[in-house]
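Asker: quick one, structure for this:
(4 chains)
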4 protein chains.
Amino acid sequence: MELGLIGLGKMGGNMRERIRRAGHTVIGYDRNPDVADVHSIDELVNQLEGPRVVWVMVPSGVPTQITIDELAELLSPGDIVVDGGNSRWTDDEIHAEQLNAKGIGFVDCGVSGGVWGLDNGYALMYGGSADHVARVQPIFDALKPEAGGGAVHAGKVGAGHFAKMVHNGIEYAMMQAYAEGWELLEKVDSVTDVREVLRSWQEGTVIRSWLLDLAVRALDEDEHLGKLRGYAEDSGEGRWTVEAAIDNAVPLPAITASLFARFASRQEDSPQMKMVAALRNQFGGHAVESNEK
Amino acid sequence: MELGLIGLGKMGGNMRERIRRAGHTVIGYDRNPDVADVHSIDELVNQLEGPRVVWVMVPSGVPTQITIDELAELLSPGDIVVDGGNSRWTDDEIHAEQLNAKGIGFVDCGVSGGVWGLDNGYALMYGGSADHVARVQPIFDALKPEAGGGAVHAGKVGAGHFAKMVHNGIEYAMMQAYAEGWELLEKVDSVTDVREVLRSWQEGTVIRSWLLDLAVRALDEDEHLGKLRGYAEDSGEGRWTVEAAIDNAVPLPAITASLFARFASRQEDSPQMKMVAALRNQFGGHAVESNEK
Amino acid sequence: MELGLIGLGKMGGNMRERIRRAGHTVIGYDRNPDVADVHSIDELVNQLEGPRVVWVMVPSGVPTQITIDELAELLSPGDIVVDGGNSRWTDDEIHAEQLNAKGIGFVDCGVSGGVWGLDNGYALMYGGSADHVARVQPIFDALKPEAGGGAVHAGKVGAGHFAKMVHNGIEYAMMQAYAEGWELLEKVDSVTDVREVLRSWQEGTVIRSWLLDLAVRALDEDEHLGKLRGYAEDSGEGRWTVEAAIDNAVPLPAITASLFARFASRQEDSPQMKMVAALRNQFGGHAVESNEK
Amino acid sequence: MELGLIGLGKMGGNMRERIRRAGHTVIGYDRNPDVADVHSIDELVNQLEGPRVVWVMVPSGVPTQITIDELAELLSPGDIVVDGGNSRWTDDEIHAEQLNAKGIGFVDCGVSGGVWGLDNGYALMYGGSADHVARVQPIFDALKPEAGGGAVHAGKVGAGHFAKMVHNGIEYAMMQAYAEGWELLEKVDSVTDVREVLRSWQEGTVIRSWLLDLAVRALDEDEHLGKLRGYAEDSGEGRWTVEAAIDNAVPLPAITASLFARFASRQEDSPQMKMVAALRNQFGGHAVESNEK
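Answerer: Next up is the predicted model:
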């Protein structure tokens, strides 16, 4: 089939390639003319034969909103928009209503797979009506891993991004789990080869996983990670997972601890620990460390 | 080679079978005569030709101590004891000294694999001198997964159990991570098929793992886990991991949160939340729930 | 001065009394005619001489919105509305704009003090322009503790509710702190009189506080809190505090742990711990507890 | 009465002064001859008339053990040793047995009050037999606050240090609670005077406390704590509290979070966050920050 694809960055570019390998036609647009097949979204829409399917793969928030606004003007009734970016699930219903008002269908799709997706396939979680999903199914089939699995119709509009968001929340806590264990092993003297301990865990253990494989890979490149700073960004989904948990009164202690560890990793100096230090000094005359030299 | 194996429970029984499949001779002792090959540890020691290797696979703490005390009396200089149970790593150095004083070697070995180990192989983390480890190597080779990996000489005495302990700490947080995500998905209405979402994660995602495979397996047996109580034991290693972290001033927020979630799961009613309820009532006149009907 | 007061519940009723004791005139409206001075908000507005100050003391969310909508219609340019309820700080700017569009001023005010406020005074945190705050100052002075302190102009519109929200977040963690310590003391055998330990802490310790006084008071009524269930509601501010922290990338581990402990206290059975139990059973053959009898 | 006091540091020196002010005789020994009344523990023991009471106020662990060993040699049956230092409660029973074997009594006593104790009195939590405690009572009465309260016979030997340890665990979480809230207030723009918000909380609020008074005092000295580093030591009791909780399967999420925040505050760079950064880079090609310039 024919697909319009807007956004050809690290993810979108590889996805175009994988879909083409499966024999489909992809017309891609990106603000960067070096990677784009057409010069504008308008041109992209015009080149596609109706009824069209246009996949949006741009950053969440304002860029996605602008793109959907433009598509709402350019597309025709019966066309379908897929939001494959990392949009907050609460945006999906708004986008669906905006497009449905013009007779345009909407499917939200969370995509996992990172830089490995081109060859291994992408995991896909999508939400929307059965009709709309069926229209996009050949593309989902092209993107997902050949092994089977890796794709799910999670529920109604918003369910795809919600499932992907929770996936990322779990990912935060799993990364934190390995990281905590690794730090403890590195700290003690009795364990003399931490990297080989992690390598041994790749087979036969309860904690074997793809993330563990990546941890070993990282240690093979830099045995004690001495080249890195202990600094980790977060990309939105972890925050939204905790917010969704709060909305639903679900306790998420491990996932939230993982998010907060990232926040703390980005602080040059911790304001709250200044206050703790100040209080210790006030009541106990405990020494404090000064920023003044 | 020839191995004496003490303790033929869920783990030890399968390990005897796997070692025998690899062509070694195993003389097994257990308090349960139905599964034992000999009637006493004395008989086990006498049937083995020296220099002997005796693998202890009994519960940690007192049972392991009693067994090692008996072996210290019965074995000869040049023999080796392997503690393959879940002993606390701090016990290992004590056991090594006790046995070394009589010329007997000691190797500690953490074993992972559960009920799947017989066919898939066991992951092994062991500590001790290179000489002692070399003597046990054929048994390690028999137990570990055929795929390669799955076995590591982690360091000096104690390092094996330490590495296994950290493995279990990580395991706690990974289980908690999936469990938190699953609860959140189950809670919202938009995601209509949570089990299929987890199934889809088994391929192509960042969070694919053996534990995730088991989660899907559990949901296939009981889609919403309605037959289970939200009650989880802990077996020592999680606690010791947190204690080791405290000794080393390493923050373990996600692993500790997972341990505490298990503690809380076993309380019929939470004393601390009674106090929170009492305080809310004291200052705000907030309603409390009573145990009195 | 003259004040219109809408909402005469547990808080509003006592506040009317305290303001009157200070010599001001209060015209109170409540849906409950037994406590109201007038039959409608319309009547309340008509009885006040302009320029008017009307204090809204109703539940946050829809009730507050409806009341402000009605006041926006009934009041005149130069009048002022004070929202003294537990509104989310993000609502304040919306309400200010809505009212300012008609020339009506807006001040947000967080109020603390619970059932003790009538006699001890209320702590007040308010936000808004200096002009608007000055107009309400005599009422603030009447409500606040006589001892001095207890009232602050925290900043622009929204700052009052934000400060009160953070106050409540801190309150959650302080209550949790005492509750955790109390549970641990109750658990061990060596400490034979836990209540007297807490009583002793009321003087000379680092942790003496009003909340501790209330804890002792609660234990004097019910020494081991045996009459209570370990069940605690949360009233919004704790959730909003964590959400504000996430928006600002501020780690709040203790406050968030306290919020999650309340969520967990309200679950009859923990879904996430079902999943942990299921996973333990899958890999280790560990026994599970069943809901089936 | 007459008291021997060993250890005249920041705490012990002030305690000697306060006990003397109450009319008792104190013979003090310290390794620092500038503050000591006698030149040796031997001399101290000889100058006291029997039956003696000797209060040990030296750092926990080895210094306390050495002192008690020496006293066990020098004292006579019927004498009493009080350990007023910050010993781990598990040491108390060992010390009691060691001394009781020679007919010497033992009382453990946790002391709170810091640099404020001289004038305000010290909070005292003590454990031991009723007989032994009665012998020390005049000294407890001299040390405790005049207001009443502030002293408790918490239970048998060890109960005093256990109660003090829990006190400190609660203290950690309370300090963390204020610190978290303060950081959040400092972070947002709408709250223009954070210090005045905290000052206002000192009266009429639910969270008023002595620690809050100290927080305001610290902010009066340095409004944004800009002179301090966010670096906080921990002194043992916090760790022991968490260990005691683990031994007793009591969840302590807020106290433990506070302890871990201190651990993290002392790390120049977080090893675990290096691993998180490495994993993000591995699967997503996310940028990492380098230590290499």
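Asker: now stretch A:108-115: buried residues?
Answerer: A:D108, A:C109, A:G110, A:V111, A:S112, A:G113, A:G114, A:V115 (16 or more other Cβ atoms under 10 Å in any protein chain shown). C-beta here means a position set from N, CA and C on the backbone, and glycine is covered the same way.
Asker: just the angle between the longest helix along chain A and helix B:159-187, please?
Answerer: With secondary structure taken from DSSP state H, chain A has its longest helix at helix A:159-187. When axes from the mean of the first three to the mean of the last three Cα atoms, to 10 degrees is applied, the directions of helix A:159-187 and helix B:159-187 differ by 160 degrees.
Asker: list the helices and strands the worst-scoring helix or strand of chain A on mean pLDDT packs on?
Answerer: Counting by mean pLDDT, DSSP states H and E, chain A has its least confident helix or strand at helix A:117-120, which shows a mean of 91. For helix A:117-120, the packing partners by 3 or more Cβ pairs under 8 Å, 6 or more residues apart in numbering or on different chains; DSSP states H and E come out as helix A:10-21.
Asker: mind listing what's buried in the helix it packs on?
Answerer: A:M11, A:G12, A:G13, A:N14, A:M15, A:R16, A:R18, A:I19.
Asker: was I right about the third one contacting A:D37?
Answerer: No - with contact defined as Cβ atoms under 8 Å, A:G13 does not count as touching A:D37 (11.4 Å).
Asker: after the least confident helix or strand of chain A comes which helix or strand?
Answerer: strand A:123-127 (DSSP states H and E).
Asker: what's the spacing between the residue in the stretch 51-200 of chain A that chain D sits nearest to and B:A179?
Answerer: The nearest approach of the stretch 51-200 of chain A to chain D comes at A:A179, 3.7 Å away (Cβ to the nearest Cβ). To B:A179, A:A179 is 19 Å away according to Cβ to Cβ, to the nearest Å.
Asker: A:G226 now?
Answerer: When A:G226 is compared with B:A179 (using Cβ to Cβ), they lie 34 Å apart.
Asker: so where do the helices sit in the stretch 51-200 of chain A?
Answerer: Shown for the stretch 51-200 of chain A, the helices assigned by DSSP state H, counting those that start in this stretch span residues A:62-74, A:89-100, A:117-120, A:130-143, A:159-187, A:194-200.
Asker: highest mean neighbour count out of these?
Answerer: Comparing the helices of the stretch 51-200 of chain A by mean neighbour count (mean count of other Cβ atoms under 10 Å in any protein chain shown), helix A:159-187 comes out on top with a mean of 28.
Asker: that helix close to chain B?
Answerer: Yes - applying Cβ under 8 Å from any Cβ of the partner chain, one finds helix A:159-187 touching chain B at A:159, A:162-163, A:166-171, A:173-174, A:176-178, A:180-181, A:183-185, A:187.
Asker: what residues does chain A have near chain C?
Answerer: When proximity is defined by Cβ under 8 Å from any Cβ, chain A lies next to chain C at A:206, A:239, A:242-243, A:246, A:249-253, A:256-257, A:259-261, A:263-264, A:266, A:272, A:283.
Asker: just the buried residues from those residues, in PyMOL please.
Answerer: Buried residues within those, by 16+ other Cβ under 10 Å, are selected in PyMOL with:
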select buried, chain A and resi 206+239+242+243+246+249+250+251+252+253+256+257+259+260+261+263+264+272+283
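Asker: tell me, which of the residues of chain A next to chain C make contact with chain B?
Answerer: Restricting the residues of chain A next to chain C to those near chain B - Cβ under 8 Å from any Cβ - leaves A:V206, A:V250, A:P251, A:L252, A:P253, A:A257, A:F260, A:A261.
Asker: could you export the residues you listed to CSV, including columns for pLDDT?
Answerer: Converted to CSV, these look like this (pLDDT from 0 to 100):
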residue, pLDDT
A:V206, 93
A:V250, 98
A:P251, 98
A:L252, 98
A:P253, 98
A:A257, 98
A:F260, 98
A:A261, 98
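Asker: what's the most distant pair in those?
Answerer: Spatially, the most separated pair among those is A:V206 and A:F260, at 26.2 Å (Cβ to Cβ).
Asker: for the closest residue to A:L8 other than its chain neighbours, give me its contacts.
Answerer: In space, and not counting its chain neighbours, A:L8 is closest to A:D30: 3.9 Å by Cβ to Cβ, 6 or more residues apart in numbering or on different chains. Shown in contact with A:D30 (Cβ atoms under 8 Å, 6 or more residues apart in numbering or on different chains): A:I6, A:G7, A:L8, A:G9, A:G12, A:A36.
Asker: and the spatially closest residue to A:P253 that is not a sequence neighbour, what helix or strand is that in?
Answerer: Once flanking residues are discounted, A:P253 sits nearest to B:A257: 3.7 Å by Cβ to Cβ, 6+ apart. When elements are assigned from DSSP H and E, B:A257 belongs to helix B:253-265.
Asker: from chain D, how far off is A:N248?
Answerer: 19 Å (Cβ to the nearest Cβ, to the nearest Å).
Asker: distance of the nearest residue to that residue once chain neighbours are set aside from B:L198?
Answerer: Closest residue to A:N248 apart from its sequence neighbours, by Cβ to Cβ, 6+ apart: B:K187 at 4.6 Å. Distance of B:K187 to B:L198, given as Cβ to Cβ: 15 Å.
Asker: one more: A:A101?
Answerer: Distance from A:A101 to B:L198, by Cβ to Cβ: 35 Å.
Asker: repeat for A:G226
Answerer: Distance from A:G226 to B:L198, by Cβ to Cβ: 37 Å.
Asker: over to A:A264?
Answerer: When A:A264 is compared with B:L198 (using Cβ to Cβ), they lie 30 Å apart.
Asker: for A:V157, same thing?
Answerer: From A:V157 to B:L198 the distance is 21 Å (Cβ to Cβ).
Asker: can you check A:H95 too?
Answerer: 26 Å.
Asker: distance between stretch A:197-214 and the chain's centre?
Answerer: For stretch A:197-214, the separation from the chain centroid amounts to 23 Å (computed by Cα atoms, centre = their mean, to the nearest Å).
Asker: only alpha carbons, please: show it as PDB.
Answerer: C-alpha atoms of stretch A:197-214 as PDB (Å, rounded to 0.1, in the frame of the first residue of the first chain):
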ATOM      1  CA  VAL A 197      29.200 -11.300  36.600                       C
ATOM      2  CA  LEU A 198      26.700  -9.400  34.500                       C
ATOM      3  CA  ARG A 199      27.800 -11.400  31.400                       C
ATOM      4  CA  SER A 200      27.100 -14.600  33.300                       C
ATOM      5  CA  TRP A 201      23.600 -13.400  34.100                       C
ATOM      6  CA  GLN A 202      22.700 -13.400  30.400                       C
ATOM      7  CA  GLU A 203      22.000 -17.100  30.400                       C
ATOM      8  CA  GLY A 204      20.000 -19.200  32.900                       C
ATOM      9  CA  THR A 205      19.100 -16.500  35.400                       C
ATOM     10  CA  VAL A 206      15.800 -15.000  36.400                       C
ATOM     11  CA  ILE A 207      16.900 -11.500  35.300                       C
ATOM     12  CA  ARG A 208      18.100 -12.200  31.800                       C
ATOM     13  CA  SER A 209      16.800  -9.600  29.400                       C
ATOM     14  CA  TRP A 210      17.600  -7.500  26.400                       C
ATOM     15  CA  LEU A 211      18.400  -4.600  28.600                       C
ATOM     16  CA  LEU A 212      20.900  -6.800  30.400                       C
ATOM     17  CA  ASP A 213      22.500  -7.700  27.100                       C
ATOM     18  CA  LEU A 214      22.800  -4.000  26.400                       C
END
